[in-house]
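1. what would the 3D arrangement of this be:
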Amino acid sequence: MSGTVSRHFPYEVTSSLMFFTQRTVVFSKIVHVPVSKARCVLEDPKMLINLSPLVEECEESKSGEATTYVVTDIMKVWGIYWPVKYTCTFKKEEDALLCEVNAGRTVRTLSAWRVKAVNDGKESEVSEEVKAEVFTLLMPYVLGQIKSSHLVLLDRLAAKLELGGREN
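-> Alright, predicted model coming up:
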């Protein structure tokens, strides 16, 4: 993630510490609705946050062009459930919803959510590209949590879009 910034991320994840690892994960899901309906996911960051199975609480605070949320997840660590607070800052771009997550000094991610038409416009593909920079010893745990929770989030999002409702 250091060096060249992709066109999807106008900023980059960089760390001055050598004990951090960077990984990119991409998730996508075909939803059986036209792109005009599926684009609502790019307009409603709070809905995306609340579809995560880990989220316990989400509080919004505006900050200029971007919208920041303080999120509390309930994470299972060594068999014990712990509340973990972090910030999510969303910024709407022309073709994507960008999200920067800061969870202390050990975890930082950048995500880009997109929607595109597929199957002659009858369906849509909702995708998320996540670039994570994590303290190396935590990377397997963090990636596991991202993968499992974001797959559930996409399934819930598809169900919500296909049923036609939007909740906050």
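2. ranges for the helices of the protein?
-> For the chain, applying DSSP state H gives helices covering 35-38, 45-50, 139-163.
3. so what does the shortest one touch, helix or strand wise?
-> The one in question is helix 35-38. strand 107-118, strand 123-135 (3 or more Cβ pairs under 8 Å, 6 or more residues apart in numbering; DSSP states H and E). For every residue, glycine as well, the C-beta is placed using N, CA and C.
4. would you mind giving the helices of the chain as JSON lines with distance to Ser111 and mean neighbour count added?
-> Output for those, formatted as JSON lines (distance: least, Cβ to Cβ, whole Å; neighbours: other Cβ atoms under 10 Å):
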{"stretch": "helix 35-38", "distance to Ser111": "17", "mean neighbour count": "17"}
{"stretch": "helix 45-50", "distance to Ser111": "9", "mean neighbour count": "20"}
{"stretch": "helix 139-163", "distance to Ser111": "9", "mean neighbour count": "16"}
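5. can I get the ones you listed in TSV including mean pLDDT and distance to Leu110?
-> TSV is the format used below for the helices of the chain (pLDDT from 0 to 100; distance: least, Cβ to Cβ, whole Å):
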stretch	mean pLDDT	distance to Leu110
helix 35-38	91	22
helix 45-50	93	14
helix 139-163	94	12
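6. for Leu97, which of those is the nearest?
-> helix 45-50 (6.6 Å; Cβ to Cβ).
7. which residues sit against the closest one?
-> 41, 55, 58, 60, 67, 69, 71, 88, 90, 97, 99, 113, 153, 157, 160, 166-168 (Cβ atoms under 8 Å, 6 or more residues apart in numbering).
8. of these, which belong to strands?
-> Judged by DSSP state E, the contacts of helix 45-50 include 55, 58, 60, 67, 69, 71, 88, 90, 97, 99, 113 as members of strands.
9. weed out the non-buried ones from these.
-> Using 16 or more other Cβ atoms under 10 Å as the burial test, those include 55, 58, 67, 69, 71, 88, 90, 97, 99, 113 as buried.
10. quick one: pLDDT of the most centrally placed residue in the chain?
-> In the chain, the C-alpha nearest the mean C-alpha coordinate belongs to Ser111, at 5.2 Å (Cα atoms, centre = their mean). Here the pLDDT value assigned to Ser111 is 95.
11. tell me how far Val25 lies from Thr136.
-> 16 Å (Cβ to Cβ, to the nearest Å).
12. ugh, typo on my part, it should be Ala112
-> Distance of Ala112 to Thr136, computed by Cβ to Cβ: 24 Å.
13. check His32 too.
-> Taken as Cβ to Cβ, the span from His32 to Thr136 is 40 Å.
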